[in-house]
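> mind looking at a prediction? Sequence and model below.
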Amino acid sequence: MSDTSSAIDRFRGALRLRTDWPAAADGTGPAAAAARTDAEAALTAFQDYLVSAYPAFHTAAERVVLGPYAVAYRWPGSGAADAAARGRALLLSHYDVVPAERDKWTVEPFGAELKEGFVWSRGTIDTKNSLIAALEAAEEAVRAGFRPAREVWFAFGGDEERSGAQGARRMSGYFAERGIDFDFLLDEGSAVTDGILPGTDRPIALVGIEEKGFLDIELSVEQKPGHSSRPPRVQAAAVLGRALDRLSRKPFPWRLTPSVEAFFRALAAFSPFPRSLALSRARAFGSLFFALAGSTPETASLMRTTVAMTQLEGSPADNVLPSRVRAILNVRILPGWTVESATDWVRRAVADDRVKVEVWSGRTANDPVPAAEGAAEGAAPGWQEVSATIAETYPSAPIIPFLVTATTDSRHYAPVCRAIYRFSPLVVSGGELGRMHGHDERISIKNFETGIAFYRALIAKL
Ligand SMILES: [Zn+2]
């Protein structure tokens, strides 16, 4: 059995291994190539660290390495009588982290300092915590002679923060080629929130059962370049500006997906009357419901495809007419829409032939991942195991289905998995949420230990 203090030590060891992707590695030329080599070596060092930190698990499980960005483990099932009826389970995490601006932190971002009952480091909540907690629980189980009834896989990505293209997507392809599919998977994407949801002051376990898609659209207008002393009557920037204005006046239509309807119905139980009534009868209240429920950006983003205007570009000089002006729209696609239908919708809303509307090639677009059949009713595979584990680990938190508005590695596994759950065993308050991808990221020791307890309870059910 592993004791807690050494679990913390192993966690801190994992945090000290830098797995952030340096900006210098993205360019061209020999310096960038060298930076890439170093960054990839660091990712491989992290994979090696797991081998030395969890020796018992590594004797019980078969390790699959697909380069620096992906490592997976197959933990064979015991073949117990009812195991044949159960499909495989997949536990996901990632070991890359976002960079940290040293001067904005009060501690060393990769120092894994223990202070005030917290471990302080980049990666403490996104998401070496879940990766290490899962392996702590697995190591412990193997040492105790436990074997899961069904076959259990772990898969960890090394490029989730960028695209997952060389990690999760390759690993999913590996599974697909070999006919390996899963009943369900568990990934990050949501957690136990504490006092974050409007109108609530209690912990609530949000489980992401569907995920929005991602799309960058480029709007551009061309004109004849020339000297700014002789501007044309209609200028490209004005045409583009009018298109953006039309778009902001015409948001995507409201829509309730299965998880969001279930989310508001469950939330109604904690809301005062008459808010509770409107929330619980979404369909009957129609537009009143959307006006109420969509009144903040957070809740509005659950009920429509959103368009964020993020980048604008015109002339490189103050006295030169640009030959082309452009804007990037970052679009988060609600389930029910696709990359194609959302792009068409924007094109129609712009309604101006002078404005070119196209999917921007600088980023990979992806369709949303809708909920598995029956997921909102708790009837999809794996829900029993996941929800019972949450209830055991966080007994005071009601469990509510949720739509994840960010992207996670799990989307790459949609072709090989029937039901996808996005939940990290982690209690987050408003203050902690801002530290994710921000400064002074940290996790309390209790929060980390409860994460291990979560995986211990989950593995026992697999
Ligand atoms: Zn993450």
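Alright, I've got the coordinates.

> can we go C-alpha only for contacts and neighbour counts from here?
Fine.

> okay, now the unreliable bits of the protein?
Within the chain, the stretches with pLDDT under 70 are 1-5, 81, 83-84, 198-199, 271-285.

> quick one, longest helix in it?
helix 30-53 (DSSP state H).

> which SSE is L329 in?
According to DSSP states H and E, L329 maps onto strand 324-333.

> distance of P370 relative to K250?
Per CA to CA, to the nearest Å, P370 is found 24 Å from K250.

> so if I had to pick from the two, which one is more boxed in?
Taking other CA atoms under 10 Å, P370 and K250 do not tie; P370 has more neighbours (24 against 12).

> partners of the residue nearest to P99 when sequence neighbours are not counted in the sheet?
Excluding the flanking residues, the one nearest P99 by CA to CA, 6 or more residues apart in numbering is D20, at 5.1 Å. Beta-bridge pairing for D20 (DSSP bridges): V97.

> D20 contacts Y95, doesn't it?
No. D20 is beyond contact range of Y95, at 9.1 Å (criterion: CA atoms under 8 Å).

> neighbour-wise, which of those two wins?
The residue with more neighbours, out of D20 and Y95, is Y95; 30 against 21, by other CA under 10 Å.

> for the helix or strand containing T343, output the C-alpha coordinates as PDB.
In the assignment (DSSP H and E), T343 maps to helix 339-350. Coordinates of each C-alpha in helix 339-350 appear next as PDB, following Å, rounded to 0.1, in the frame of the first residue of the first chain:
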ATOM      1  CA  VAL A 339     -18.600  23.100 -38.700                       C
ATOM      2  CA  GLU A 340     -20.300  23.300 -42.000                       C
ATOM      3  CA  SER A 341     -23.700  24.400 -40.800                       C
ATOM      4  CA  ALA A 342     -22.300  27.000 -38.500                       C
ATOM      5  CA  THR A 343     -20.100  28.400 -41.200                       C
ATOM      6  CA  ASP A 344     -23.100  28.600 -43.600                       C
ATOM      7  CA  TRP A 345     -25.100  30.400 -40.900                       C
ATOM      8  CA  VAL A 346     -22.400  33.000 -40.400                       C
ATOM      9  CA  ARG A 347     -22.200  33.500 -44.200                       C
ATOM     10  CA  ARG A 348     -25.900  34.100 -44.300                       C
ATOM     11  CA  ALA A 349     -25.800  36.500 -41.300                       C
ATOM     12  CA  VAL A 350     -23.000  38.500 -43.000                       C
END
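
> who does it touch, helix- and strand-wise?
Secondary-structure packing of helix 339-350 (3 or more CA pairs under 8 Å, 6 or more residues apart in numbering; DSSP states H and E): strand 213-222, helix 236-249, strand 356-359.

> which among these is found nearest to L329?
strand 213-222 (5.1 Å; CA to CA).

> next SSE after the closest one?
strand 226-227.

> relative to that next one, what are the paired strands and their orientations?
strand 320-321 (antiparallel).

> re the thing from before, tabulate the helices and strands packed on helix 339-350 (JSON lines), appending distance to R86 and mean neighbour count.
Formatted as JSON lines, these follow (distance: least, CA to CA, whole Å; neighbours: other CA atoms under 10 Å):
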{"stretch": "strand 213-222", "distance to R86": "30", "mean neighbour count": "23"}
{"stretch": "helix 236-249", "distance to R86": "48", "mean neighbour count": "17"}
{"stretch": "strand 356-359", "distance to R86": "41", "mean neighbour count": "18"}
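
> what about the spatially closest residue to A375 that is not a sequence neighbour, how many neighbours?
Distances taken as CA to CA, 6+ apart put I209 closest to A375, at 6.7 Å, once the chain neighbours are dropped. By other CA under 10 Å, the residues close to I209 number 29.

> which secondary structure element is home to I209?
Going by DSSP H and E, I209 is in strand 203-211.

> which residues does that strand contact?
For strand 203-211, the external contacting residues (CA atoms under 8 Å, 6 or more residues apart in numbering) are 189-195, 259, 334-335, 368-372, 375-376, 390, 396-407, 411, 419-423, 427.

> can you give me the strands for the stretch 1-150 of the chain?
62-65, 70-75, 88-94, 113-115, 118-120 (DSSP state E, counting those that start in this stretch).

> which one of these lies closest to E177?
strand 62-65 (14.2 Å).

> name the helices or strands packed onto that closest one?
Right, strand 62-65 is packed against strand 70-75 by 3+ CA pairs under 8 Å, 6+ apart.

> how far off strand 88-94 does the strand it packs on point, in degrees?
Angle, strand 70-75 to strand 88-94, by axes from the mean of the first three to the mean of the last three CA atoms, to 10 degrees: 150 degrees.

> picking up where we left off before, of the helices and strands packed on helix 339-350, which is nearest P297?
helix 236-249 (13.9 Å).

> chain center to whichever helix or strand comes after the closest one: distance?
Next helix or strand after helix 236-249 toward the C-terminus (DSSP H and E): helix 258-268. Here helix 258-268 is found 20 Å from its chain centre; the criterion is CA atoms, centre = their mean, to the nearest Å.

> so which bits of helix 258-268 are buried?
P258, S259, V260, E261, A262, F263, F264, R265, A266, L267, A268 (16 or more other CA atoms under 10 Å).

> same for that helix, what does it pack against?
Other elements packing on helix 258-268 under the criterion 3+ CA pairs under 8 Å, 6+ apart are helix 275-280, helix 282-293, strand 399-404.

> list the contacts of whatever helix or strand comes next after the longest one.
Scanning forward in sequence from helix 282-293 by DSSP H and E, the next helix or strand is helix 297-300. Contacts to helix 297-300, defined as CA under 8 Å, 6+ apart, come from residues A293, G294.

> what's in contact with the next helix or strand after helix 297-300?
Next along the chain after helix 297-300, taking DSSP H and E as the criterion, comes strand 306-313. For strand 306-313, contacts defined as CA under 8 Å, 6+ apart pick out P251, F252, V325, R326, A327, I328, L329, N330, V331, R332, I333.

> next one: strand 306-313 to chain centre, how far?
21 Å.

> list the buried residues for it?
T306, V307, M309.

> just put these in TSV and tack on distance to D318.
Listed next are those as TSV, based on distance: CA to CA, whole Å:
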residue	distance to D318
T306	32
V307	29
M309	23
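
> wait, which of these is closest to A25?
Nearest to A25 among those, with distances taken as CA to CA, is M309, at 27.4 Å.

> how far away is A308 from P76?
On the measure of CA to CA, A308 and P76 end up 45 Å apart.

> same deal with G189?
Plainly put, G189 is 27 Å away from P76 if you go by CA to CA.

> quick one, which of the two is more surrounded?
Neighbours of G189 and P76, each counted by other CA under 10 Å, are more numerous for G189; the result is 24 against 17.

> for F46, see how far away the closest residue to L329 other than its chain neighbours is.
Excluding the flanking residues, the one nearest L329 by CA to CA, 6+ apart is M309, at 4.6 Å. Noted for M309: a distance of 37 Å to F46, by CA to CA.
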